[in-house]
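Q: Just the structure for this:
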Amino acid sequence: MSLKYDSNDSLLSITLSAAVPLRTAEIRQQIHEGRLSDREMVIRAKAAADMIACHGDNIMYRGHKKGDTAKAFNALADGLAMLAFCPGGVKFMGQKWEANRMMSGAVEASDGFETLKDLLEAVDNMGIG
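A: Residues are numbered from 1 along each chain as shown. Model (predicted):
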């Protein structure tokens, strides 16, 4: 049995490979400047997870209204970037982001979350919201 190639998956993976490190750097800067606490980061991660859970289909299939797809994609990139700060980082679509290693250039493909469902359950288990 072979899996059907979906160009949307490839485009999403490529786009995330650029967006997540940029978002991670922005978050790191906000933390460094004292503009983002751990609690605020968890609240933002929960909001991103809620957006993805409700509107994640807009990432793969264009949203009905202008900007819907961008909002859903931004939530996914933000959520992955915030989870990159967790021990072990986050793994999604065969890529891994780990904030501490990203800054040193030593990104490894191990640990992390294997699926979006795992990622969302981890955020849900944080007990906020």
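Q: element containing the residue most central in space within the chain?
A: Central residue of the chain (CA atoms, centre = their mean): Leu80, 1.8 Å from the mean position. Assigned by DSSP states H and E, Leu80 falls within helix 68-83.
Q: tell me which strands and helices that helix is in contact with?
A: Of the remaining helices and strands, those touching helix 68-83 by 3 or more CB pairs under 8 Å, 6 or more residues apart in numbering; DSSP states H and E are helix 7-32, helix 38-55, helix 57-60, strand 90-92, strand 95-97, helix 116-124. All C-beta atoms are positioned from the backbone trio N, CA, C, and that covers glycine.
Q: Show me the one of the ones you listed that comes nearest Gly67.
A: Minimum separation from Gly67 across those (CB to CB) falls at helix 57-60, 9.7 Å.
Q: State the distance from Lys71 to Tyr61.
A: 14 Å (CB to CB, to the nearest Å).
Q: So for those two, which residue has more residues nearby?
A: Lys71 (15 against 9; other CB atoms under 10 Å).
Q: contacting residues for that one?
A: 51, 55, 58, 63 (CB atoms under 8 Å, 6 or more residues apart in numbering).
Q: Pretty sure Ala72 is one of the things the third one touches, is it not?
A: What that stands for is Asn58. Yes - between Asn58 and Ala72 a contact is recorded at 4.1 Å, counting by CB atoms under 8 Å.
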